[in-house]
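Engineer: the following block contains a protein sequence and its predicted model.
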Protein chains: 2
Amino acid sequence: MSANRGYHHGDLRAALISASFEVLAECGLQRFSVAAVARRLGVSSAAPYRHFPDRSHLLSAVSAAAARDLRAAVIAAADEAGGDPADRLAAAAGAYVRHVARTGAGLQVIYAPELYTLADDARREHTRALMTTLLDLATATGPASYQDAVLLVEATIAVAQGYTTLWSDGFFSRNDSSADDVAARAVQAARMVLTPPETGCSNQTVRID
Amino acid sequence: MSANRGYHHGDLRAALISASFEVLAECGLQRFSVAAVARRLGVSSAAPYRHFPDRSHLLSAVSAAAARDLRAAVIAAADEAGGDPADRLAAAAGAYVRHVARTGAGLQVIYAPELYTLADDARREHTRALMTTLLDLATATGPASYQDAVLLVEATIAVAQGYTTLWSDGFFSRNDSSADDVAARAVQAARMVLTPPETGCSNQTVRID
DNA sequence: GTCTATACTCCGATAGAC
DNA sequence: GTCTATCGGAGTATAGAC
């Protein structure tokens, strides 16, 4: 995995995907460029095109990897959250915030419009699995219908994405809020969106601690 | 300002700001360019630089206008929402979604990192007024502290921004969901985040109706 | 498989004519 | 105040050497 002598990488393809996450985390999708990824790896700007026909195909591979990793993070967070279905779904919001803070590859990347026309079965499969996982978590909370389960997933993702955007756009002062702080706030907010207001609700306002 | 002659605009400065919103709505901040704004107005790519020293200063003026318009929309939506403080704050989320869908200038533009170093008193004043308005709405819901009011504003904006991003990134199928549909969902979700779960809560899951 | 070199496009910004 | 013309830089992508 290290930079090698001469000019060769052991596995430039994998290295390109990995480095793409770093570029995304630092620059965002807006300023993502194949050239920047190549620079980061110390290879020429032409080298990536031996492994991906164009920028979109690289991004598609990144999207697939991001969906796979995010799904794993969501599952892990849900299992850590315990048995309550709403807690488990809300935990997915926290996993999302932390994942995007770390990798820079959120829904903007995973569902980037420019990838929609691309035929990439691996990516399709990973994004489908991610959505299935989220829908399963939502269904477990006992919505009245499949439609409602979809709305619950939407709400959860919207909360997570909202806090993520606020954080990455610098709306929070970076010094005051770590990614984990923001993730905790997202979980709290998601939990409230998902909570049928009846028994055992203790919070009066949105709080971190 | 000046008279119209030949290719001239009466007020190119104002026209540039207005056209910037259209470019933002179509391309997003990522692909926003001074050149595209000029093209849209049928003027040369050099013309904007007679009115703004550089791209950042144009964006700063756009940011100020966006903050002013968004604040007006928030106030109007709150007044329409009636007397309940939580309803009024939740209505701000809907106003935000509709505003961004229409103008393309959300927090990513209003609080764009590249504008932070710029000294633009007009913009500062408008963004400050917007935040004050939101904090006033939050304070009216009776948070335990100023800190909590800030957190309520954050939660409201996060929900609104989340639904907005999901919509603009094509996560919803455009055919199934209009901007107003999405705004309604955002209001519903925001209302639940803001609701202390005690009396009179009827919704079991997130619904539009 | 990676390099160098290059063609092309787009953008930001400036200079000078009118 | 706007135009034409132009420079410099960055990015995508290709061609051909090794």
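Structural biologist: Received the coordinates, thanks.

Engineer: residue A:169 touches residue B:108, doesn't it?
Structural biologist: Yes - between residue A:169 and residue B:108 a contact is recorded at 5.6 Å, counting by C-beta atoms under 8 Å. All C-beta atoms are positioned from the backbone trio N, CA, C, and that covers glycine.

Engineer: show me which of these two is the more surrounded one.
Structural biologist: residue B:108 (23 against 19; other C-beta atoms under 10 Å in any protein chain shown).

Engineer: can you give me the domain boundaries for chain A?
Structural biologist: A:1-52, A:63-194 (automatic domain parsing).

Engineer: tell me which of these sits most buried.
Structural biologist: Mean neighbours per residue, mean count of other C-beta atoms under 10 Å in any protein chain shown, is largest over the domains of chain A for domain A:63-194, with a mean of 20.

Engineer: pLDDT weak spots in chain A?
Structural biologist: A:1-8, A:174-175, A:196-209 (pLDDT under 70).

Engineer: residues from it in reach of DNA strand D?
Structural biologist: Residues of chain A lying near DNA strand D by C-beta under 7 Å from any atom of the strand: A:31-36, A:45-46, A:49, A:53-56.

Engineer: quick one, what contacts residue A:154?
Structural biologist: By C-beta atoms under 8 Å, 6 or more residues apart in numbering or on different chains, the residues touching residue A:154 are B:163, B:166, B:172, B:185, B:206.

Engineer: out of the residues you listed, who's nearest DNA strand D?
Structural biologist: Nearest to DNA strand D among these: residue B:166, at 25.1 Å, using C-beta to the nearest atom of the strand.

Engineer: what values do phi and psi take at the closest one?
Structural biologist: Here is the backbone geometry of residue B:166 (degrees, to the nearest 10): phi -60, psi -40.

Engineer: tell me the contacts of it?
Structural biologist: Residue B:166 neighbours (C-beta under 8 Å, 6+ apart): A:107, A:154, A:157, A:158, A:161, B:172, B:182.

Engineer: chain center to the strand or helix carrying residue A:35: distance?
Structural biologist: Following DSSP states H and E, one finds residue A:35 within helix A:34-41. Taking the mean of its C-alpha atoms, helix A:34-41 sits 22 Å from the chain's own mean (C-alpha atoms, centre = their mean, to the nearest Å).

Engineer: got the contact list for it?
Structural biologist: Outside helix A:34-41, the residues touching it (C-beta under 8 Å, 6+ apart) are A:3, A:9, A:12, A:15-16, A:19-20, A:22-23, A:27, A:44-45, A:47-49, A:55, A:58.

Engineer: from residue A:27, how far out is the closest residue to residue A:55 other than its chain neighbours?
Structural biologist: Using C-beta to C-beta, 6 or more residues apart in numbering or on different chains and skipping the chain neighbours, the partner closest in space to residue A:55 is residue A:34 (5.1 Å). Using C-beta to C-beta, to the nearest Å, one gets 12 Å for the distance from residue A:34 to residue A:27.

Engineer: same thing with residue A:145?
Structural biologist: 41 Å.

Engineer: now do residue A:177
Structural biologist: 21 Å.

Engineer: what residues does the residue nearest the centre of chain A make contact with?
Structural biologist: The geometric centre of chain A, computed from its C-alpha atoms, lies nearest to residue A:106 (C-alpha atoms, centre = their mean), at 3.6 Å. By C-beta under 8 Å, 6+ apart, the contact list for residue A:106 reads A:66, A:96, A:99, A:100, A:161, A:164.

Engineer: okay but the first one is in contact with residue A:108, surely?
Structural biologist: Spelled out, it's residue A:66. No - using C-beta under 8 Å as the test, residue A:66 is too far from residue A:108 to be in contact (10.2 Å).

Engineer: show me where chain A has helices.
Structural biologist: Under the criterion DSSP state H, helices of chain A are mapped to A:12-27, A:34-41, A:55-81, A:85-103, A:107-110, A:121-139, A:146-168, A:179-194.

Engineer: great, nothing more from me.
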